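Peer 1: take a look and give me a structure for this.
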Amino acid sequence: MPSLASTTREPRRNSALVPQPRPAVPQPRTTTTQPGPATQPGLTTTAGLTTTVPREYVHRAAVSEVLLTGWEPATADPSALHPGARPGPGGCSDGPDAFVVRSQWPRGHSLFSQTGGYQDPMLLIESVRQIGALLSHAEFEVPFGHQFLMWDMSFATTKDLLVAGPAPAEVELRTVCHDVVRRGRVLSGMRYDVTALVDGVPLATAGAAFSCTSPAVHRRLRGDRPTTTDRVPGRPIDPALVGRTAPTHVVLTEDPTAERDHHQWELRVDSTHPIFFDHPVDHVPGMVLLEAARQAAHASTGLPDALVISLDSTFARYAELDRPCRIVAHPGLVDAAGHILVQVCGFQDDQTVFAADLVLSPRNG
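Peer 2: The predicted structure is shown next:
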């Protein structure tokens, strides 16, 4: 997910949760050839049936890890969702494209599981990641095989979005793409902002920015780096400290160089993990780094059951599989609302790999 480009990017900051004008929603871009009461066998219909988008669109090998169920262009004027858009120089177009993306969050995900009556907030950030890949391939015609390099990801949510119900959560993700950059006719990067709604009510905002490169450019950047490592994953810290029940889902291990009470760990990289490493990659995925930030926030504050209601992250370089990565957390003070800001950084070879600001909120707060 991180980029090696030398361009300096300003980190994204979430806006307040302000209700947006609801665009008219055309029929979804998910179809079936099943016969229905008003159709003949073999005819295409979109009524009443739900499926996931193709797994290839969201860079997942396992269909079970696809959270998105459909998308379509928003029919409302996209400038109303992202005002002030203007054409830019050098192949950069600031004019926005708006889409309505739908997702379904499972009640029993093996990694992002419910606890204490709430959904895992990482379902939101994974949905946002999948949006960028989906729209790039399906709407901006990025060829399969291109590599995506994430600059930043963020979200700010209300607790209402995360309350677990008696059925899987159906979340509408209104997405506006802007700062679109092309090299010739091929997309090379963009930023997108997301408003998450349930039953028409906006409950969270999120966003991300990325670059994408052709396989040839990626080979020049990365060479023939391996997709596995001989390093044996360290012993995980106590899962109860980070809100986990299974040691296999813990991505922090004790750092033997850390001083006592310094909130420092080593990143635990298990390239055989079926979700964190859904398919072979030559670096530590960004979602693993964000999970490390989340777990470090829990462990450093002693609040393993607190909800992450805000995350603002930036990526500086690849985290390599075969070298240790140090995770350091700096918890702040509790504010009047009971929230705690925790700043987390990852370092490899004494260089910053990523940084994340997380806000924790007690579940009963």
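
Peer 1: hey, where'd the strands end up in the stretch 201-350 of the chain?
Peer 2: 201-213, 252-254, 264-267, 307-315, 326-334, 340-348 (DSSP state E, counting those that start in this stretch).

Peer 1: and the fifth one, what's its mean pLDDT?
Peer 2: Spelled out, that is strand 326-334. Average pLDDT, strand 326-334: 96.

Peer 1: for it, packing partners?
Peer 2: strand 264-267, helix 286-301, strand 340-348 (3 or more C-beta pairs under 8 Å, 6 or more residues apart in numbering; DSSP states H and E). (Glycine included, C-beta is placed from N, CA and C.)

Peer 1: got the CA coordinates for that strand in PDB?
Peer 2: C-alpha atoms of strand 326-334 as PDB (Å, rounded to 0.1, in the frame of the first residue of the first chain):
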ATOM      1  CA  ARG A 326       9.300  -1.400  15.100                       C
ATOM      2  CA  ILE A 327       5.900  -0.200  16.200                       C
ATOM      3  CA  VAL A 328       5.800   2.700  18.700                       C
ATOM      4  CA  ALA A 329       2.700   4.200  20.300                       C
ATOM      5  CA  HIS A 330       2.300   7.500  22.100                       C
ATOM      6  CA  PRO A 331      -1.100   7.700  24.000                       C
ATOM      7  CA  GLY A 332      -2.400  11.100  24.900                       C
ATOM      8  CA  LEU A 333      -4.700  12.200  27.700                       C
ATOM      9  CA  VAL A 334      -8.400  11.400  28.100                       C
END
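
Peer 1: who touches it?
Peer 2: Applying C-beta atoms under 8 Å, 6 or more residues apart in numbering, the contact partners of strand 326-334 are 252, 255, 257, 262-267, 292-293, 296-297, 299-301, 340-348.

Peer 1: just to revisit the earlier point, using CSV, please lay out the strands of the stretch 201-350 of the chain together with distance to Asp230 and mean neighbour count.
Peer 2: Converted to CSV, these look like this (distance: least, C-beta to C-beta, whole Å; neighbours: other C-beta atoms under 10 Å):
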stretch, distance to Asp230, mean neighbour count
strand 201-213, 28, 22
strand 252-254, 16, 19
strand 264-267, 16, 23
strand 307-315, 25, 23
strand 326-334, 20, 18
strand 340-348, 17, 20
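
Peer 1: which stretches of the protein have low pLDDT?
Peer 2: 1-48, 76-96, 260-261, 365 (pLDDT under 70).

Peer 1: out of the helices and strands packed on strand 326-334, which comes closest to Ala164?
Peer 2: helix 286-301 (18.2 Å; C-beta to C-beta).

Peer 1: and the helices and strands packed on strand 326-334: which comes nearest His109?
Peer 2: Among the helices and strands packed on strand 326-334, helix 286-301 comes nearest to His109, with 13.2 Å by C-beta to C-beta.

Peer 1: residues near Ala62, how many?
Peer 2: Using other C-beta atoms under 10 Å, Ala62 has 11 neighbouring residues.

Peer 1: picking up where we left off before, which one of the helices and strands packed on strand 326-334 lies nearest to Gly70?
Peer 2: helix 286-301 (22.4 Å).

Peer 1: and that closest one, what does it pack against?
Peer 2: Against helix 286-301 (3+ C-beta pairs under 8 Å, 6+ apart) you get helix 122-138, strand 147-157, strand 252-254, strand 264-267, strand 307-315, strand 326-334, strand 340-348, strand 351-361.

Peer 1: what angle separates that helix from strand 307-315?
Peer 2: If you take axes from the mean of the first three to the mean of the last three C-alpha atoms, to 10 degrees, helix 286-301 sits at 130 degrees to strand 307-315.

Peer 1: show me what counts as buried in helix 286-301.
Peer 2: 286-301 (16 or more other C-beta atoms under 10 Å).

Peer 1: same thing with stretch 125-143?
Peer 2: Buried-residue list, stretch 125-143, by 16+ other C-beta under 10 Å: 125-139, 142.

Peer 1: same question, stretch 157-172
Peer 2: Judged by neighbour count (16+ other C-beta under 10 Å), stretch 157-172 contains these buried residues: Thr157, Leu161, Leu162, Ala164, Ala169, Val171, Glu172.

Peer 1: I'd guess the last one is in a helix, am I close?
Peer 2: No: with DSSP: H, G, I helix; E, B strand; the rest coil as the criterion, Glu172 is assigned strand and is not in a helix.

Peer 1: report the contact partners of it.
Peer 2: Neighbouring residues of Glu172 by C-beta under 8 Å, 6+ apart: Val100, Val101, Arg102, Ala196, Leu197, Val198, Gly200.
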